[in-house]
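Visitor: fold the following.
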Amino acid sequence: MSYGPDQILEGEGNSDYERYIRTSELLRLQKGPEEWVHRDELLFTVVHQTSELWLKLATSEISKSLEYLAANNPKMALRLFPRILLCIEYCHEPLDMLEQMSPWDYQQVRRALGHGSGFDSPGFNSVRKVIPGLWDEFTRLLEAEGLTLLELFLNHEEHDELYRLAEGLLEIDERMYLWRTRHFKVVERSIGAKVSGTQGTPVEVLGRLNSFLFFPELWEIRTTITNYAISQEGEN
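Guide: As a prediction, this is how the structure comes out:
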């Protein structure tokens, strides 16, 4: 379908930009002042709604990466990794805005949340669901080359694409870890450590959950490489 210079899109709004982006619908998704328990509800909502959008995009890019990997095309998958990393970064940075709320003001906003919790984030849960598939595809490609993980790292120049894929996965894992850790510290700064969150989970327990890694093998291989290097020095 082609569009002429005077094309008018259907929908709400005074311009094609507004109709295409659906700004009228988008901006109705936040409560108005007449509904606020506290004025910082707008701040809180904007941070979380935008994060859900970035996580939706991250899920889409990871899913496409999985398609490329399944088709034995890691080169194209790697081209999407910077997008995935930026999506995570754009969820991380807005957490600074939540710290503009005083602990007491947050308590007022918290009254409006009911049992709302980050555990229920559709965006986070969708990303968490698709990420493990990246490891499955990576190990399949590794096995197809007849390589162990250690052999890949010791001979990375000969297997540059697979090596860059491994490092890309590690960076995604690291960014997710840092984002979860940052979120935990925001929660701790807002409500304290020796209390429970909105679903009754102690904040201290939330902190321990941050130790989870999607690709522990890619972290453990660093220790293996160090021990291997030490053993080689001993032999010399």
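Visitor: what's the distance between the biggest helix by length in the chain and the middle of its chain?
Guide: Using DSSP state H, we find that the single longest helix of the chain is helix 160-191. From the chain centre to the centre of helix 160-191 is a distance of 8 Å (C-alpha atoms, centre = their mean, to the nearest Å).
Visitor: helices and strands of this protein: which one bottoms out on pLDDT?
Guide: helix 203-209 (a mean of 65; mean pLDDT, DSSP states H and E).
Visitor: quick one: contacts for the residue sitting nearest the centre point of the chain?
Guide: Residue closest to the average C-alpha location in the chain (C-alpha atoms, centre = their mean): I88, at 3.9 Å. Neighbouring residues of I88 by C-beta atoms under 8 Å, 6 or more residues apart in numbering: W54, A58, I172, R175, M176, W179. Using the backbone N, CA and C atoms, a C-beta is placed for each residue, glycine as well.
Visitor: again, 6 Å this time
Guide: R175, W179 (C-beta atoms under 6 Å, 6 or more residues apart in numbering).
Visitor: which SS state does it fall under?
Guide: When classified by DSSP: H, G, I helix; E, B strand; the rest coil, I88 comes out as helix.
Visitor: tell me how many other residues surround Y17.
Guide: Y17 is flanked by 10 other residues according to other C-beta atoms under 10 Å.
Visitor: pLDDT score assigned to it?
Guide: Per-residue confidence (pLDDT) for Y17: 93.
Visitor: and the closest residue to T181 other than its chain neighbours, how far is that from W104?
Guide: Leaving aside its sequence neighbours, T181 sits nearest to N210 (C-beta to C-beta, 6 or more residues apart in numbering; 5.2 Å). Using C-beta to C-beta, to the nearest Å, one gets 26 Å for the distance from N210 to W104.
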